[in-house]
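> could you look at this predicted model? Sequence included:
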Amino acid sequence: EAGVTQSPTHLIKTRGQQVTLRCSPISGHTSVYWYQQALGLGLQFLLWYDEGEERNRGNFPPRFSGRQFPNYSSELNVNALELEDSALYLCASRRDPNYNEQFFGPGTRLTVL
Amino acid sequence: GNSVTQMEGPVTLSEEAFLTINCTYTATGYPSLFWYVQYPGEGLQLLLKATKADDKGSNKGFEATYRKETTSFHLEKGSVQVSDSAVYFCALSDGTSGTYKYIFGTGTRLKVLA
């Protein structure tokens, strides 16, 4: 069974630009979570998608957004990039509401210059 | 709100030493608890988990017991290896509003010397 995949692996952007990160969950998993791992800030919950809908978001500004597609893959969009957005962005998937273990992808390393 | 407190690192040990990484939590209800490991340049891998009080999770020689009375989930290993060098994260699954998002500790970096 293939694990969670993310693309791209690395990304370099400049301040003010926009970026899109992609995630494909494990087959059969309907929930996708996004987390930010910024230096010195640990792992922070960003967004949760389930069955194509945004269900919950963490304490991040609206320029962080995303969506989930009918095949349950997901995109994370970040607009008006700021230097502090430099981080590892991790995607995780969960099978269904009765099973709360999450499986993580390898992450996308975003560097904002 | 719910939170996880994890011992500060880095922790440096010699090979075959005993490892303990402390983790305590604050939560309403009875969350599931997890330990994840992150090797350099990689994502998170589940190490072990426990879903209710007194459960013991174990994997690859690592163990942790869900202690409700002390709200703790300390990670232990009897004899560490150089290959165990990584960052370890304690996490709880926050069921508030049905989200089940993870709340993580700050991570503990372990370095094992040969």
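That came through fine. Numbers count the residues shown, from 1 in each chain, chains lettered A, B, ... in the order given.
> what ranges does chain A have for its strands?
Under the criterion DSSP state E, chain A carries strands at the ranges A:5-7, A:10-13, A:19-24, A:31-38, A:42-50, A:53-57, A:64-68, A:74-78, A:87-96, A:99-104, A:108-112.
> same deal with chain B?
When secondary structure is read from DSSP E, chain B shows strands at B:3-6, B:11-14, B:19-21, B:23-26, B:33-38, B:44-50, B:56-59, B:62-65, B:75-77, B:86-94, B:101-104, B:108-113.
> which positions in chain B make contact with chain A?
Residues of chain B found near chain A (Cβ under 8 Å from any Cβ of the partner chain) are B:32, B:34, B:36, B:42-46, B:49, B:89, B:91, B:93, B:95, B:97-107. For every residue, glycine as well, the C-beta is placed using N, CA and C.
> and those, which of them are buried?
Neighbour counting with 16 or more other Cβ atoms under 10 Å in any protein chain shown marks B:32, B:34, B:36, B:43-44, B:46, B:49, B:89, B:91, B:93, B:95, B:99-107 as buried within these.
> any idea which of the strands of chain A has the lowest pLDDT on average?
Across those, the stretch with the lowest average pLDDT is strand A:99-104; it has a mean of 86.
> which residues sit against that strand?
Contacts with strand A:99-104, where a contact means Cβ atoms under 8 Å, 6 or more residues apart in numbering or on different chains, come from A:3-4, A:25-26, A:29, A:33, A:90-95, B:32, B:34, B:36, B:43-46, B:49, B:93, B:95, B:100, B:102.
> and the strands of chain A as TSV, adding mean neighbour count?
Formatted as TSV, the entries for these read as follows, by neighbours: other Cβ atoms under 10 Å in any protein chain shown:
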stretch	mean neighbour count
strand A:5-7	16
strand A:10-13	13
strand A:19-24	19
strand A:31-38	23
strand A:42-50	22
strand A:53-57	15
strand A:64-68	19
strand A:74-78	21
strand A:87-96	22
strand A:99-104	19
strand A:108-112	18
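> which of the ones you listed sits closest to residue B:24?
When these are ranked by proximity to residue B:24, the top entry is strand A:42-50, at 15.7 Å, counting by Cβ to Cβ.
> which strands border that closest one, and is each parallel or antiparallel?
Applying DSSP bridges, strand A:42-50 is found paired with strand A:31-38 (antiparallel), strand A:53-57 (antiparallel).
> what sits up against that strand?
Outside strand A:42-50, the residues that touch it by Cβ under 8 Å, 6+ apart are A:30-38, A:54-60, A:64-68, A:74, A:76, A:89-90, B:89, B:91, B:99, B:101-107.
> got the buried residues for stretch B:46-54?
The neighbour-count criterion (16+ other Cβ under 10 Å) identifies B:46-50 as the buried residues of stretch B:46-54.
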